[in-house]
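# fold the following, please.
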Amino acid sequence: MANPNIVNVTSILGTTAYLTPSGTSALVLIRNASASGTVLKINQIVAANVNGSAAVDTTVSIYSNGGVAPGSAPSGGTAYPVVSTVSVPADASLIVTDKTTAIYLMEDHSIAVTSGTASGITYSISYEVIT
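Down below sits the predicted model:
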């Protein structure tokens with residue numbers, strides 16, 4: 001696992017991704033594959049309760065193994081929670097992290113999300129791919 005030097009940047013590409021888990025197991029929201037030659041700067045993660053009538057718990061964790069594609073179950077590694085079992089009220093959103101608490105996602109790491117209710121939370125993540 002390399003730690004790319006972000007002083008000599010060749011490109012910074014901004015993007016946003018979304019995921020609404022259809023179950024209650026952890027799923028990868030974003031990954032930085034092994035030997036990608038990039039670092040991902042996570043600017044914002046938002047968990048929006050789309051249930052409409054009840055609070056839904058959410059957990060967002062950084063995994064030390066980034067080997068699987070988004071939407072898949074994490075493939076091992078250690079989970080380091082950013083937020084753990086936080087209740088998001090009906091029709092409300094939780095800002096998990098923003099630019100004031102940005103995270104650098106290194107190679108071979110991923111961010112996975114877990115919802116307490118199937119299809120109850122939509123996650124959005126805004127990040128920069130730095131090469």
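# against Thr85, how distant is the residue lying farthest from the centre of the chain?
Among residues of the chain, the one most distant from the C-alpha centroid is Asn8; the distance is 25.7 Å, by CA atoms, centre = their mean. Asn8 is 41 Å from Thr85, where distance means CB to CB, to the nearest Å. (Each C-beta comes from the backbone N, C-alpha and C, glycine too.)
# show me what the most centrally placed residue in the chain bridges to in the sheet.
Centroid-nearest residue in the chain: Ile111, 3.8 Å away (criterion: CA atoms, centre = their mean). Applying DSSP bridges to Ile111 yields these beta-bridge partners: Ile30, Ile62.
# do you know the pLDDT at it?
pLDDT, Ile111: 96.
# what does the one 3 residues further on give?
Looking at Thr114, its pLDDT stands at 97.
# what of the one 4 residues further on?
The predicted structure scores Ala118 at 97 on the pLDDT scale.
# also the one 10 residues further on?
In this model, Glu128 is scored at 96, pLDDT.
# repeat that for Val68.
Per-residue pLDDT puts Val68 at 86.
# quick check: it touching Val28?
Yes: counting by CB atoms under 8 Å, Val28 is a contact partner of Val68 at 5.6 Å.
# neighbour count: those two, which is higher?
Val28 (22 against 18; other CB atoms under 10 Å).
# which helix or which strand is home to that one?
Per DSSP states H and E: Val28 is located in strand 27-32.
# who touches that strand?
17, 19, 21, 38-40, 42, 45, 60, 63, 66-74, 105-114, 123, 125, 127 (CB atoms under 8 Å, 6 or more residues apart in numbering).
# among the residues you listed, name the ones in strands.
17, 19, 39-40, 42, 45, 60, 63, 105, 109-114, 123, 125, 127 (DSSP state E).
# report the buried members of these.
Using 16 or more other CB atoms under 10 Å as the burial test, the ones in strands among the contacts of strand 27-32 include 19, 39-40, 42, 45, 60, 63, 105, 109-114, 123, 125, 127 as buried.
# Gly37 contacts Pro4, correct?
Yes: counting by CB under 8 Å, Gly37 does reach Pro4; the two are 6.0 Å apart.
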